[in-house]
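Engineer: Here you go, sequence then predicted model.
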Amino acid sequence: MTRADFRDITEAIYAAISGPPGPRNYDRIRKYYTADARLIRTGIGADGKPFAKSMTVDEHEKDVSALLADMAFEEVEIAHEAEIFGNVARVRSVYRSVYGSGPKARHGRGINYMNLVFDGRDWKVASVVWDNEREGLAIPPRVLRPQPDSRP
C-alpha cells in the first residue's frame, strides 16, 4: 500500500461529500468502509461542553444530507500522513472546507484521523474521528508539512 493508494481513499471520501446544495452520492464511497465503520464528529456544543457524535455510514449520510440540502460544501485534503503496521493503518488527513458560497461562505480547516484495516484484498476505513479548528484550537504547523508514509 502506498501513500497514493490511501490518498485515493481520502480524495474519494472528500469528493463524495463535496458539491452544490442537495444530496450527496454515498454509494460511491461505501466500498471504502467496513460494514460496521464508525464516523465520529467531535467539537464543542452550544453549551460549551465537548461532544462526540458517533454514527454509522448510513447515519452520517442522513446527518450530512440534512445539513447540506440547501448549502454548497467543499472539503479538500491539504496534508496527509499515513502509518502502516501489518494489517492496520492510521491516516491523518488535514482538510480545508468551505460552507456555502459567495461572500457569506465560511472557511475552515480540521483533521480526520482514519483507522483502516486490510481485509486480505483491500484497505477499508474502520473509523474516522474528526474535529475542526475553532477559537483556541489551531492545527499545529508541523502537521501541515508533507509527511512520508511510515512502514516498519
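Structural biologist: Great, that's in hand.
Engineer: which residues touch the residue most central in space within the chain?
Structural biologist: Note on the chain: the residue nearest the mean C-alpha position is Asn112, at 4.5 Å, using CA atoms, centre = their mean. Asn112 sits next to 10, 91-95, 128-130 when contact means CB atoms under 8 Å, 6 or more residues apart in numbering. Placement of C-beta: from N, CA and C, glycine included.
Engineer: SS state for it?
Structural biologist: strand (DSSP: H, G, I helix; E, B strand; the rest coil).
Engineer: can you tell me how far it sits from Met71?
Structural biologist: 20 Å (CB to CB, to the nearest Å).
Engineer: Could you give the number of residues near Ala89?
Structural biologist: By other CB atoms under 10 Å, 24 other residues sit near Ala89.
Engineer: now swap in Asp36 and tell me
Structural biologist: Asp36, neighbours per other CB under 10 Å, totals 9.
Engineer: and if you look at Pro23?
Structural biologist: By other CB under 10 Å, the residues close to Pro23 number 11.
Engineer: State whether it is indeed within a strand.
Structural biologist: No. Checked against three-state DSSP, Pro23 lies outside a strand; its state is coil.
Engineer: what's the closest non-adjacent residue to it?
Structural biologist: Ser65 (5.8 Å; CB to CB, 6 or more residues apart in numbering).
Engineer: ditto for Gly110
Structural biologist: Asn132 (3.8 Å).
Engineer: List the buried residues of the longest helix anywhere in the chain.
Structural biologist: Across the chain, the helix with the greatest residue count (assigned by DSSP state H) is helix 3-17. Buried residues in helix 3-17, counted by 16 or more other CB atoms under 10 Å: 3, 6, 9-10, 13-17.
Engineer: now that helix: how far from the chain's centre is it?
Structural biologist: Centroid separation between helix 3-17 and its chain, computed with CA atoms, centre = their mean, to the nearest Å, is 9 Å.
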